[in-house]
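J.: structural data only, the sequence is not supplied:
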């Protein structure tokens, strides 16, 4: 007998605690286990240990940028199923141009709406 599938895991990596709270509130209706990280190193450790289905990465974080985390994840075959959403306030053109280069599956600029964030995460979860 196979065990039932658990909830999908979503990691929210942002050094701004208020943004973490907003993202978690926006994703509550998605029905997932929500994990958080306050910097790039914590995010990478959580990715390696918890194996989240979706990682929401702020670009500008201490210790390691979101871009560095995304590039690391994309270089590891065993993390190939991890979906990455870059979430940043650095500017629409920069995010649009850079996110695909580091292997992100999608990107969203701050400020964002709860509905838009939830819709993008649902799409990444398939």
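T.: Yep, that arrived. Only a predicted model underlies this, so the values are computations on that prediction, with no experimental measurement involved.

J.: and the residue nearest the centre of this protein?
T.: Residue closest to the mean C-alpha point of the chain, counted by CA atoms, centre = their mean, is residue 56 at 1.4 Å.

J.: which strand or helix spans it?
T.: strand 54-58 (DSSP states H and E).

J.: got a list of contacts for that strand?
T.: For strand 54-58, contacts defined as CB atoms under 8 Å, 6 or more residues apart in numbering pick out 8-16, 19, 23, 32, 43, 47, 66, 69-70, 73, 82-88, 104, 121, 124-125. (C-beta placed from N, C-alpha, C; glycine too.)

J.: inside helices: which ones of those?
T.: Using DSSP state H, 19, 23, 43, 47, 66, 69, 70, 73, 121, 124, 125 are the members of the contacts of strand 54-58 that sit in helices.

J.: by neighbours, which of the residues you listed wins?
T.: Comparing the ones in helices among the contacts of strand 54-58 by number of neighbours (other CB atoms under 10 Å), residue 43 comes first, having 32 neighbours.
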